[in-house]
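J.: Everything below, folded, please.
(chains A, B and C)
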Amino acid sequence: MTYSLVCGAEIHVELNTKSKMFCGCKNDPFGAAKPNIYTCPVCLGLPGALPVPNKKAIEDCIKIGLALHCEIAEVSKFDRKHYFYPDLPKGYQISQYDEPFCVKGYVDTSFGRVGITRVHMEEDTAKMHHEVVDGVKSSLIDFNRSGVPLVEIVSEPDIKSPEQAKEFLKKVRDIVRAIGVSSCDMEKGSMRLEANVSLTSDGSLPAYKVEVKNINSFRFFANALEYETKRQAELLDKGETPTQETRGWREGYGTVSQRGKEDAADYRYMPEPDIPPFEISRDMVEHLRKELPILPEEIITSLVADGLSESAAKIVVNQTDMLEFIEQVKKLNSKYVQKAGNDLVNKKIDLKKTSPEDYLKTLENAKMDKITDEATLRPLVEKAIAENPAVVADYKAGKQNALGFFVGVVMKASGGKADPRATTDLLKKLL
Amino acid sequence: MSNKPLNELSVKEAQTMLADGTVSSVELTRSCLETIEAKDPEIHAFVTVLADDAMDAAKRADQVRKTAKTVPPLLGIPFAVKDNFLTKGARTTASSKVLDNYYPQYSATVIEKLEASGGVILGKTNMDAWAHGSSTETSDYGPTHNPWDTSRLAGGSSGGSAAALAAAETIAAVGTETAGSIRQPSSWCGTIGFKPTYGRVSRYGVVAMGSSLDSPGPMTKSVEDTALILGVIAGHDARDATTAPVPVPDYLGDLQNDIHNLKIGLPKEYFMTDSQPGVNEMVKKAAAVYENLGAQLVEVSLLDPKYSIADYTIVQRSEVSSNLARYTGVRYGNDRCYFGDEAKRRIMLGTYALSSGYYDAYYKKAQAVRMLMKRDFDRVFEQVDLILSPTTPSTALPLGATHGQAMFGELADVLAEASSLTGHPAINMPVGLLQGLPVGMQLIGNHFAEQKILNAAYAYEQATNWRENTL
Amino acid sequence: MAKTQLSDSDFKKLVRQSNLVISESDEKTIRPQLSEALSAVRVLDELDTKNVPTLDHPTGDLKNVWREDVVEPSLPQDLALSQAHEQHDGYVVTKAVFDEQ
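T.: Numbers count the residues shown, from 1 in each chain, chains lettered A, B, ... in the order given. Down below sits the predicted model:
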């Protein structure tokens, strides 16, 4: 039996705002010198503490939604998502349930369009690690990360192959980075991935899905899809439906079932009473849209329109210095954009030494009319001859490349304008 | 007045005597602490008495008074604060063993405001654990006894604050109301209790019970005191996103007792047939005073209070189940085994009401009915300025009355729940004694109509001299 | 009105979801009280709420409450940890919790 992959991705992006999502603590979990130094009653979940949302975080979330072609909600709110875990200080996470800030977007890939179901705002949990303390297996908790703003991007189950998955994930990462709201660094944990995987034999949406967590690279995401495809196919071939569950990716092994819970998680979502609802005006949306930088795919399209090949455009778009160089060339003399692009990609331009102005001047000089008239050339040629008697002797002795030397000298003296042929003829005449 | 023992003074009286040098804050504070020492073993209004801290604060207040050009309004005035207000460094338990050993890392906004105004905190008062109740009998530290009859309950959940006032263990107090928790114990103890509009006073630093319901408020011996303290603690707080960006009026300065043409509605459904005999009559008699003062009494109709009980039970317990999720004994306090029965019951019912498959029938339904209640009040406030009714269906019940009663709290607060669900402000005014026990009437106003309520309460107070006859 | 009876599995699930420990003797009192309360609140079904929106916030038309992205002082580490049941090297300590089998 042949199966096709039905996969959706969930991407969590940690925003790079200065302060946390619901309090003024510094947002720097990765860079903190010690644990628990960026905490307060709110992000520690102390009795009586109350959340106040970070405006910039919400704006960043809307920007991500806009960049992913989403519709921005006119009304939105936060909800409490309840579950008990030591890294969740309040016993609930403030997230968004049925009225997220952004819905119904898409990202185009070379394999087809991947829909974006929603982009919403929530807060990060604390960080836990295990250690044996006084002989007891313990979990150690650091609340520096508790309350950091997280944007969750959920895709439709439109991903059909591991390759498409990688392309999709890279595109989303590049877009978010281009907006400048997150470093999207998987090693630092500012971007996290989860996969929802199932198989279908007839194209209909399967009745089950397996959630795969703990994936911290695009390659592992693709590997997890390959592993799950195989594992689920084997079960389906036997007539079994794969268990709807959460599995963890273990490098070098595959996916592993996580501690089974007897009940499916019931988060008991409830509108967050401590935060009044939001009305997002269309003015605000347009204002944020204008603040968006031009996004990678738009830049590539524009470069290709200017004459670069798509492969050259893809290289240039990811190098800020190359991009700036081309922008300048375009401003000064747009007919050289294609050549500049190719020269950059072929490493013919030393960006440290050559400014766009110099580069263009060189090209222009190469094209400008050369000096051919004897009257202008004669003084230069005579000077070259007079100043290099040894080379004159070489020439007289029969060394033809001595002529080349003199041509070079005259070229230099003329700022490159001397016509080589005319110079050679005059030299031969005078020598 | 100069013969009155210092601990029996109101805030206004104490302010006058402090200002003219007749008395010092140290003397005032000492008088309260001595009363606490004498009476509290029987009354049990306090969970934690902060005697040393209070005397230090009183000394500082007296020093400030000598040198300061302008004196903050509450300088040197002793306060009793309910034990769900976090007080930095001073034990805060919400009367639950879960927080038996909790020393907060910060203070509530209300506490900061009281202290910035010069208030002296005598101690933390007893309450129903987690504010779950209307008796203070569900405190993990034992019940608070009613000073009028110590075999009876003080009411709750701010029972400790109300009893401390009635027993003259303090000059003033603050409490919180989720539904009735300021009004009802004030009614049972014969004191004044004010529940402001939801969002008028910051909840930051108050142990959360019902996030969309909790309202901190003043509990006092006189209406002027209420106006003064409300003016100090009210106001927008950047740390509480539900506080109103509405400026705080000069409640005390604008206090006046001319209530000609005030229209007061008496909802027939709130004068219940199964209330304790005598309560309705006493409140109607009090209402007649308003007529004599030139106000107009109108009969109005409100949604049957029985729906309030059910609605409030669901909404409050759902929020409780959520707000108590943070207590796991890891970052502070003791673990969940320390929860009392009442807390466990409320958590479980709340969890059920929010759970998948039941959310629509319980929580969502209750929140929609809540909208019906708001519309109900909106309609009535188009006809009248204030609503008047008994605060609670009975006088103070005996100790043990709550045992075996799964919904005691919600039943006792039947007349307070609707206005709490909709965020409306209200006051309890003592109107007399029935068989030796205080009866209270409530005045409910429209959102942010605190001044109207205070003026009407002031008019009643001035006309009847209730304090001399009651406290 | 039909009484809402909590089945054994319903009750056990509720206890788990509430993260509580209920002894057998507690169960004997709490369980019937819960059933009674759940039945009593169904009186709300008498009211027609079709097309009535929920009142989630009694704050009227208060909306768009947020704060500027400004860093404010945090609690010093020792104060933040001062109430923890157990701490070690600046971390809050609790019994180990594992995800994977």
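J.: Tell me the buried residues in the longest helix along chain C?
T.: Scanning chain C for the longest helix, with DSSP state H as the assignment, gives helix C:24-40. Within helix C:24-40, the residues that count as buried by 16 or more other CB atoms under 10 Å in any protein chain shown are C:30-31, C:33-35, C:37-38, C:40. Where you see a C-beta, it was placed from the backbone N, CA and C, and this is true even at glycine.
J.: what's the answer for stretch B:349-361, then?
T.: Residues B:349-355, B:358-359 are the ones in stretch B:349-361 that count as buried (16+ other CB under 10 Å).
J.: What's the mean pLDDT across it?
T.: Across stretch B:349-361, pLDDT averages out at 95.
J.: residues touching the residue positioned nearest the centre of chain B, list them.
T.: Residue closest to the average C-alpha location in chain B (CA atoms, centre = their mean): B:Ile182, at 2.2 Å. For B:Ile182, the contacting residues are B:158, B:175-176, B:193-195, B:215, B:217, B:219, B:428, by CB atoms under 8 Å, 6 or more residues apart in numbering or on different chains.
J.: Give the other helices and strands that the helix or strand hosting A:Val304 contacts.
T.: Per DSSP states H and E, A:Val304 falls inside helix A:296-305. When contacts are defined as 3 or more CB pairs under 8 Å, 6 or more residues apart in numbering or on different chains; DSSP states H and E, helix A:296-305 sits against helix A:162-179, helix A:310-317.
J.: Provide a list of residues in contact with residue 96.
T.: Defaulting to chain A. By CB under 8 Å, 6+ apart, A:Gln96 lies in contact with A:76-79, A:120-122.
J.: The intended chain is chain C.
T.: A:130, A:136-139.
J.: Helix or strand: which one has whichever residue of chain B sits closest to chain A?
T.: Closest contact between chain B and chain A, by CB to the nearest CB, is at B:Ala325 (2.5 Å). Counting by DSSP H and E, no helix or strand carries B:Ala325.
J.: so how many other residues sit close to it?
T.: For B:Ala325, the neighbour count with other CB atoms under 10 Å in any protein chain shown is 25.
J.: Ignoring the adjacent residues along the chain, who's closest to it?
T.: A:Gly91 (2.5 Å; CB to CB, 6 or more residues apart in numbering or on different chains).
J.: Distance of that neighbour relative to A:Gln164?
T.: Between A:Gly91 and A:Gln164 the distance is 39 Å, computed by CB to CB, to the nearest Å.
J.: all strands for chain B, in order.
T.: B:46-49, B:78-82, B:120-125, B:145-146, B:149-153, B:172-177, B:192-195, B:215-220, B:263-267, B:296-300, B:386-390, B:426-434, B:437-445 (DSSP state E).
J.: Make TSV from the ones you listed and add distance to A:Cys7 to it.
T.: Listed next are these as TSV, based on distance: least, CB to CB, whole Å:
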stretch	distance to A:Cys7
strand B:46-49	57
strand B:78-82	54
strand B:120-125	56
strand B:145-146	66
strand B:149-153	62
strand B:172-177	51
strand B:192-195	54
strand B:215-220	50
strand B:263-267	60
strand B:296-300	61
strand B:386-390	60
strand B:426-434	57
strand B:437-445	57
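J.: For my notes, please list the ones you listed in a markdown table and give mean pLDDT for each entry.
T.: Below are the strands of chain B laid out as a markdown table (pLDDT from 0 to 100):
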| stretch | mean pLDDT |
| --- | --- |
| strand B:46-49 | 98 |
| strand B:78-82 | 98 |
| strand B:120-125 | 98 |
| strand B:145-146 | 98 |
| strand B:149-153 | 97 |
| strand B:172-177 | 98 |
| strand B:192-195 | 98 |
| strand B:215-220 | 98 |
| strand B:263-267 | 98 |
| strand B:296-300 | 97 |
| strand B:386-390 | 98 |
| strand B:426-434 | 97 |
| strand B:437-445 | 98 |
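J.: Just tell me which of these ends up closest to chain C.
T.: That would be, of these and by CB to the nearest CB, strand B:215-220, which comes in at 10.1 Å.
J.: distance between that closest one and the chain's centre?
T.: Distance of strand B:215-220 from its chain centroid, counting by CA atoms, centre = their mean, to the nearest Å, is 5 Å.
J.: Pull out the buried residues from that strand.
T.: Residues of strand B:215-220 classed as buried: B:215-220 (neighbour count, 16+ other CB under 10 Å).
J.: what's the answer for stretch A:223-231, then?
T.: Buried residues in stretch A:223-231 (16+ other CB under 10 Å): A:223-225, A:227-229, A:231.
J.: Where is the longest helix in chain A?
T.: Per DSSP H, chain A has its longest helix at helix A:218-237.
J.: so where do the helices sit in the stretch 201-350 of chain A?
T.: A:218-237, A:282-291, A:296-305, A:310-317, A:320-332, A:337-345 (DSSP state H, counting those that start in this stretch).
J.: Hmm, A:Leu308 is touching A:Asp343, no?
T.: No - A:Leu308 is beyond contact range of A:Asp343, at 11.1 Å (criterion: CB atoms under 8 Å).
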